[in-house]
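K.L.:
whatever this is, show me its structure:
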Amino acid sequence: MSALRDTHNIASAVAACCVLLALSAFSSTASAQAKSGASGSSSAGSVCQGGYVHEASGLISIQRQGAKLAPAKSGEVFEKNAVFRTGSGEKAILKFADGQVVALGSNSAVRIARYCFLPNDLEQSAMSMELIAGQIRIIAGLIGVSNPRNLHIAVGESMLRIQKTGGADFIVSVNPDPKEAGYAVVQNGEISVSTPFGPIVRIATGQYAPWQSGSSPPLPIPFAAAPAVAQAGIGELLAYVLPNNSPVVVVTAAQTAAALAASDQERSGGKDGRRLAGYVQAISNTVDIKPQSGKAASANVGSTFESGTTVSTGKDGRAVLQFADGQIVILGPDSVLAIDQYQFDPANVKAGKSTLALTEGSMRFVGGAIQAENREGVSISIGASIIDIQNNGPADFTMVADTRNQEVGVARVTLGEISVHTPYGPIDKIKVGQSSLWGPGNEPVPVASALALVQAAVALQLSELPNNSPVAVADAAAASAAVAQANQAQAAASADPQNARLAAEAKAATELANLASKEATLASEAVSSKVFAALLETLPATAAGTALAQAATPAPPPAVVPIVPAVTPGAGGGSTQSGGSAS
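P.N.:
Numbering: from 1, shown residues only. This is a model prediction of the structure:
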């Protein structure tokens, strides 16, 4: 921590100098824009400059004064009276005209009450903001560097102040319920906090200071001595890659941020699902995702994955995975699935490929557009056995394998027809409603093992499924995450019906989930239209060609509507019943 702090102190000092040196250049640029009409005034110094969303990871919401809740995207410009909220695993980085940077951690809410930066009049430049809940990191810009008394930061019922000029970089956290508790950590500079329980007069560089009801705040201590929970939360914000704190022309910087976000989304397949293989549509208990190059991490509803990913479920874990072409995989407990290859282009479905390897456990497979148009492009193995889909129509089957000693497995078909090449010989046909067991040699599978395998297969076949139409992965993932968060917020509000804040958060989360679901539906309709148009072009020319060309696009899948009241008590933060259950 000491080395990190020393490095950051140097960087912050350099940044502060850069802020001051950049002021004249920024003022000249702003003045030039003003004269050309870009700022809407004849003098840049007379127009309040605002801020913009530098980066938004996941589904971030913004609520402007007098406006409805809406998703906040990279490049979004905002002014005063804007409230930003993040959910679980999401982050937002805001940057202001004077260079100030505000980074929101997970499950946080902040209100920009007032912000006015006048490049030619720092004395009149000021900002008021409120951390409603959660945690933020603030790196001061020109206002905080040169005129900190004009920077007002409310933290719950407490008030935080930068104590001296020259800049500051600090992290502050607050939990308002049932009674306020919070802490502050200073990376650079010096701050004070006036709490309802007494003042914290000075928190210097490298220090941690908590406060809570029932006692006067203790003296600050070194960050290294802070509780592990606080260190983990602070570490989340320290891991963010932040922009420098030089002043910016907001409109230009916002356009650049939006362009970079669009470019990143295009590379990752966010618009049409070409690179992102799929996302976690529903989950319960422990599920991990390990990318091809990287460490395994806990999965959440809305987590996306690419080709080369391995998904593992724990003893009681279950997951519903939806792929870009609509393909669905449900994993049962103690299962390991490798997504060895996945390729889907809505404009060329027949070139698609899906290679899945279930090395242990149970899996239900429901075919998507790739399987419907090119069953040869789908390759599925279970243990040492290989599954071949024999039909061109819909396919829905379940497989279970126990590979701990000699492989024992079962396959059960709900739709379509499959064959299985086992280590002990082939099973030529398994038709609708049929099950087939396999095991070592010619010996029959033990009754107990057979019963356990069949029960596991039946359990997965009873699971509810989402629609297996093609999806825009990034948008569908964001909608699923938003619905899960709406369910959690509603559960919290229902558990404490007298809490107005929880009720308001539940209402806001539901509105955001509805918005996200509409966006996901529109984006998925666009993917389905591409698939339909591409398949239409492959049809042979006939007398009915003109009529076919005028045929209506198939009805899009129904919108993902948050089933907010239907939250399963005790299901945990990761479970949801939005369009599919992993139970």
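
K.L.:
distance check, Glu123 against Ile143.
P.N.:
Glu123 sits 10 Å away from Ile143 when distances are taken as CB to CB, to the nearest Å. No exception for glycine: its C-beta is placed from N, CA and C like everyone else's.

K.L.:
quick check on those two: which one has the bigger neighbour count.
P.N.:
Residue environment comparison for Glu123 versus Ile143 gives the larger neighbour count to Ile143, 25 against 9, counting by other CB atoms under 10 Å.

K.L.:
common neighbours of Glu123 and Ile143, please.
P.N.:
Asn150 (CB atoms under 8 Å, 6 or more residues apart in numbering).

K.L.:
in the stretch 451-583 of the chain, where is pLDDT below threshold?
P.N.:
Along the stretch 451-583 of the chain, the model assigns pLDDT under 70 to residues 538-583.

K.L.:
in it, which spans are helices?
P.N.:
Per DSSP state H, counting those that start in this stretch, the stretch 451-583 of the chain carries helices over the ranges 473-495, 500-537, 545-549.

K.L.:
looking at these, which is closest to Pro218?
P.N.:
helix 500-537 (27.5 Å; CB to CB).

K.L.:
for the closest one, which positions count as buried?
P.N.:
For helix 500-537, the buried set under the neighbour-count rule, 16 or more other CB atoms under 10 Å, comprises 502-503, 505-517, 519-521, 523-528, 530-532, 534.

K.L.:
cool, and stretch 427-434?
P.N.:
Residues Ile427, Ile430 are the ones in stretch 427-434 that count as buried (16+ other CB under 10 Å).

K.L.:
and for Pro497, the neighbour number?
P.N.:
Each residue near Pro497 was counted by other CB under 10 Å, and the total is 9.

K.L.:
before we move on, what about Ser215?
P.N.:
Counted with other CB under 10 Å, the neighbours of Ser215 add up to 9.

K.L.:
excluding chain neighbours, what is closest to it?
P.N.:
Spatial nearest neighbour of Ser215, excluding adjacent residues (CB to CB, 6 or more residues apart in numbering): Phe197 at 6.7 Å.

K.L.:
could you list the low-confidence segments of the stretch 1-150 of the chain?
P.N.:
In the stretch 1-150 of the chain the weaker segments, taking pLDDT under 70 as the threshold, are 1-46.

K.L.:
I'd guessed Pro333 sits against Glu360; true?
P.N.:
No. Assessed by CB atoms under 8 Å, Pro333 is found out of contact with Glu360, at 10.6 Å.

K.L.:
now tell me what touches stretch 123-131 from outside.
P.N.:
By CB under 8 Å, 6+ apart, the list of residues contacting stretch 123-131 reads 96, 98, 100, 102, 108-118, 142-143, 147, 150-156, 172, 174.

K.L.:
tell me which of the residues you listed fall in helices.
P.N.:
Leu142, Ile143 (DSSP state H).

K.L.:
what residues does Ser381 make contact with?
P.N.:
For Ser381, the contacting residues are Leu356, Ala357, Leu358, Ile387, by CB under 8 Å, 6+ apart.

K.L.:
in CSV: those, plus pLDDT.
P.N.:
As requested, those are exported to CSV (pLDDT from 0 to 100):
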residue, pLDDT
Leu356, 95
Ala357, 94
Leu358, 94
Ile387, 93
